[in-house]
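In: Following is a predicted model, sequence given first.
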Amino acid sequence: MLQQPAAKYRPFPAIDLADRQWPARTLTAPPVWMSTDLRDGNQALFEPMNGERKLRLFRTLCEIGVKEIEVAFPSASQTDFDFVRNLIENGHIPDDVTIEVLTQAREHLIRRTMESLKGVRRAIVHVYNATSQPFRDIVFGLSKPQVVAMAVESVLLIKQLAAAQPETEWVLEYSPETFSTTELDFALEICDAVTAAWGATPDNKVILNLPATVEAATPNVYADQIEWMHRHLARRDSVILSLHPHNDRGTAVAAAELGLMAGADRVEGCLFGNGERTGNVDLVTLALNFYTQGIAPGLDFSDINAIARTAEHCTGLPIHPRHPYVGDLVFTAFSGSHQDAIKKGFAVQQPDAPWNVPYLPIDPADLGRSYDSVIRVNSQSGKGGVAYLLEAEYGIVLPRRLQVAFSAEVQAHTDRHGGEMTAADLWMLFSRSYLANEQRVRYLEHHLFEHGMAQGIRLALEIDGVAHLLSGEGNGPIDAAVHALQGAGLAVRVRSFEERAIRPSEQAGEAQACAFVELVPADGGAERHGVGIDTNIVTASIKALLSGVNRLVAAETATTRARQIMPA
């Protein structure tokens, strides 16, 4: 049992921002996106990426449309240093992409970092130092003025080294690491000192990155902190305000969205939320959240499966099957009620209308996902899912009562065997139940004839292996066939009959028509359905009638056997 938390944990204090504006705002445009997959994400891997995998992921990020990519911590290892040199010397950086590198606020690390960037067209140099009280007092043993001096001296050194490489366009980024647990007045003091030291102007902006290095409060508190900084910064018109939310509380996406409402311009994160501990903010989820609100995110996830597979290969981390938008099962419904609603939604959704399909916040096709995995059938499924798969894969639109009847057979099958049924499994069960010609009453052929005002039929059948030639008349082929069957002791009544064209599909073959019949024994009893498929609608109708007869005969036989074995 967890101990009472009062003595050990305390709630994060509220921010004094009585006139906060962000709750009344809505998002109308995407932020500047910065991917830290190759640095923060790579740092979090049990087995860091090698050069080949890092380059592959870098190219994928460029293809997606990310324009700022943090590629390395070049002073941390020769591997990272060499990767930066490879990008620059071998022309891997597109003209519209800016690489970013990270360094601590220490002189020898900054010099090594600047050395790695020689010859690059444009670069963001991201320098940081921790600013919160536990780091000042416990980790570094520094006073507030000493922490400010560390940041300012580092910025001045970067400025000096940048001036010696005028061929490069330099952008400064500064992070007061542990911002979200730093006193706001001190965070403001150190950020203003940095922008002053760099000489920030509207034409030479500084990126001030305000990380929730460890999520310590609810997302609204982070939004309050961002709005407070947004409103108090001395050179706000010379600053790009950036967010770097981590996911320790599981609310990084919400924190990023609220932080943007609070005045931020830019977001740093990783594809699929990779990163230290519980990860950085998930750029895919965040971008597609924009998309579902009618805002073009500026990132291309139209082939999300390819992006996911690349990320899994490069990082060695699997994507959870229920990951928002991306997981293999995220668009999959097993629940019967969900399946029914989705099926009905697809039926009425018009191509040029706003997306309005129940349970699907986004059209899977927009992400390159096919519809064939949207509805899948297991023991939790209902008639909607079964009917959808048969219609989508085989072009057969089941009448509603037949949906109910067949779904009960599917339920019984999955209860017996467990697991999931694919569309092919459903078709096999459906065919065996309704379409098989190897039954007690087997269709051979028929001939129609006219007899006055009546329709006549000669029906050649095989009943229990014995050939029969039956004749009957009625007000149409089905009625005539019903009368013909009476001559063999197969008396039935037709309760309903439907004919439908089969939507052409590769699985359905050349069959063009489908007939459905609902029968009861002439002397009363439970109804059974029959189905017939043929290129000729009359033949399909007669096959449907015989399908229903066979199911009635099978049910009667089963009942008789049950009575025979019941104790007296």
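Out: Received the coordinates, thanks. Numbers count the residues shown, from 1 in each chain.
In: So, low pLDDT: which residues of this structure?
Out: 1-7, 333-336, 370-385, 503-511, 558-568 (pLDDT under 70).
In: How about the contacts made by the residue nearest the centre of it?
Out: By Cα atoms, centre = their mean, the chain has its centre lying nearest to Y325, at 1.8 Å. Residues counted as contacts of Y325 (Cβ atoms under 8 Å, 6 or more residues apart in numbering) are V284, T285, L288, F301, I304, I362, L367. Any C-beta I mention is one placed from the backbone N, CA and C, and that applies to glycine too.
In: Give me the subset of these that lies in helices.
Out: Members of these lying in helices (criterion: DSSP state H): V284, T285, L288, I304.
In: Just confirm the second one contacts P324, I think it does.
Out: Read that as T285. Yes. The pair T285 / P324 is scored as a contact, 4.7 Å apart, by Cβ atoms under 8 Å.
In: isn't A217 right next to A223, touching?
Out: No. With contact defined as Cβ under 8 Å, A217 does not reach A223; the gap is 10.1 Å.
In: more neighbours, the two?
Out: Neighbour count, other Cβ atoms under 10 Å: between A217 and A223, A223 has more, with 28 against 20.
In: any idea how far the residue lying closest to that one once chain neighbours are set aside lies from Y325?
Out: Sequence neighbours aside, L258 is the residue nearest to A223 in space, at 3.6 Å (criterion: Cβ to Cβ, 6 or more residues apart in numbering). Distance from L258 to Y325, counting by Cβ to Cβ, to the nearest Å: 20 Å.
In: Please pick out the residue of this protein most distant from its centre.
Out: G452 (64.0 Å).
In: Report the separation between that residue and I99.
Out: 90 Å.
In: so who does P521 touch?
Out: A491, V492, R493, L552, E556.
In: ignore the last one, F186
Out: T131, K144.
In: Could you shift the numbering so residue one becomes 52, and keep it that way?
Out: Understood, numbering begins at 52; the last thing we discussed is F237.
In: gap between it and L138?
Out: Distance from F237 to L138, by Cβ to Cβ: 36 Å.
In: go on, L596?
Out: With Cβ to Cβ as the criterion, L596 and L138 are 72 Å apart.
In: The two: which has the busier surroundings?
Out: Higher neighbour count among L596 and L138: L596, with 28 against 23, using other Cβ under 10 Å.
In: Restricting to C-alpha, output stretch 71-80 in PDB.
Out: Taking only C-alpha atoms (Å, rounded to 0.1, in the frame of the first residue of the first chain), the coordinates of stretch 71-80 have been written out as PDB:
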ATOM      1  CA  ARG A  71      -4.500  34.700 -17.500                       C
ATOM      2  CA  GLN A  72      -5.500  34.900 -21.200                       C
ATOM      3  CA  TRP A  73      -4.700  31.400 -22.500                       C
ATOM      4  CA  PRO A  74      -7.900  29.600 -21.500                       C
ATOM      5  CA  ALA A  75      -9.900  31.800 -23.900                       C
ATOM      6  CA  ARG A  76      -7.600  31.300 -26.800                       C
ATOM      7  CA  THR A  77      -7.800  28.600 -29.500                       C
ATOM      8  CA  LEU A  78      -5.000  27.300 -31.700                       C
ATOM      9  CA  THR A  79      -5.200  28.600 -35.300                       C
ATOM     10  CA  ALA A  80      -1.700  27.900 -36.700                       C
END
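In: Any buried residues in the longest helix anywhere in the chain, and which?
Out: Ranked by residue count under DSSP H, the longest helix found in the chain is helix 588-616. For helix 588-616, the buried set under the neighbour-count rule, 16 or more other Cβ atoms under 10 Å, comprises 588-604.
In: packing partners for that helix?
Out: Where contact means 3 or more Cβ pairs under 8 Å, 6 or more residues apart in numbering; DSSP states H and E, helix 588-616 is packed against strand 492-502, strand 505-514, helix 528-537, strand 543-552, strand 564-572, strand 579-585.
In: can we see that at 7 Å?
Out: In this structure, helix 588-616 packs against strand 492-502, helix 528-537, strand 543-552, strand 564-572, strand 579-585, with contacts taken as 3 or more Cβ pairs under 7 Å, 6 or more residues apart in numbering; DSSP states H and E.
In: Could you say which one of these comes nearest to L486?
Out: Closest to L486 of the helices and strands packed on helix 588-616, according to Cβ to Cβ: strand 579-585, at 6.2 Å.
In: How far off centre is that closest one?
Out: Computed by Cα atoms, centre = their mean, to the nearest Å, the chain-centroid distance of strand 579-585 equals 38 Å.
In: quick one: the helices in the stretch 252-401 of the chain?
Out: Secondary structure of the stretch 252-401 of the chain, counting by DSSP state H, counting those that start in this stretch: helices at 270-283, 303-312, 334-343, 355-366, 387-399.
In: want to try JSON lines for those helices, with distance to I144 as columns?
Out: What follows is these, written out as JSON lines (distance: least, Cβ to Cβ, whole Å):
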{"stretch": "helix 270-283", "distance to I144": "31"}
{"stretch": "helix 303-312", "distance to I144": "26"}
{"stretch": "helix 334-343", "distance to I144": "20"}
{"stretch": "helix 355-366", "distance to I144": "18"}
{"stretch": "helix 387-399", "distance to I144": "44"}
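In: Any idea which of these gets closest to E327?
Out: When the helices of the stretch 252-401 of the chain are compared (using Cβ to Cβ), the closest one is helix 303-312, at 12.0 Å.
In: could you say what helices and strands that closest one packs with?
Out: Using 3+ Cβ pairs under 7 Å, 6+ apart: helix 303-312 touches helix 270-283, strand 290-296, helix 334-343.
In: Please report how far L510 lies from F124.
Out: In terms of Cβ to Cβ, L510 sits 83 Å off from F124.
In: Helices of the stretch 52-201 of the chain, start to end?
Out: 93-94, 102-115, 129-140, 158-167, 184-185, 195-214.
In: now the first one, how far from the chain's geometric center?
Out: On the basis of Cα atoms, centre = their mean, helix 93-94 is displaced by 24 Å from the centre of the chain it belongs to.
In: Tell me which residues are up against that helix.
Out: P99, M100, K105, E327 (Cβ atoms under 7 Å, 6 or more residues apart in numbering).
In: and the last one, how many neighbours?
Out: When neighbours are counted by other Cβ under 10 Å, E327 registers 15.
In: Wait, it touches R90, no?
Out: No. With contact defined as Cβ atoms under 7 Å, E327 and R90 do not form a contacting pair (10.9 Å).
In: related to what we said a few turns ago, which of the helices of the stretch 52-201 of the chain sits closest to T77?
Out: Per Cβ to Cβ, nearest to T77 of the helices of the stretch 52-201 of the chain: helix 102-115, 25.2 Å.
In: how about the CA coordinates for that closest one, as CSV?
Out: Taking C-alpha atoms only, helix 102-115 is exported to CSV below (Å, rounded to 0.1, in the frame of the first residue of the first chain):
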residue,chain,number,x,y,z
GLY,A,102,25.7,6.6,-38.2
GLU,A,103,23.6,4.7,-40.8
ARG,A,104,20.5,4.7,-38.7
LYS,A,105,20.9,8.3,-37.6
LEU,A,106,21.3,9.4,-41.2
ARG,A,107,18.2,7.4,-42.3
LEU,A,108,16.1,9.0,-39.5
PHE,A,109,17.5,12.4,-40.4
ARG,A,110,16.4,12.0,-44.0
THR,A,111,12.9,10.8,-42.9
LEU,A,112,12.6,13.9,-40.7
CYS,A,113,13.5,16.1,-43.7
GLU,A,114,10.9,14.3,-45.8
ILE,A,115,8.2,14.8,-43.2
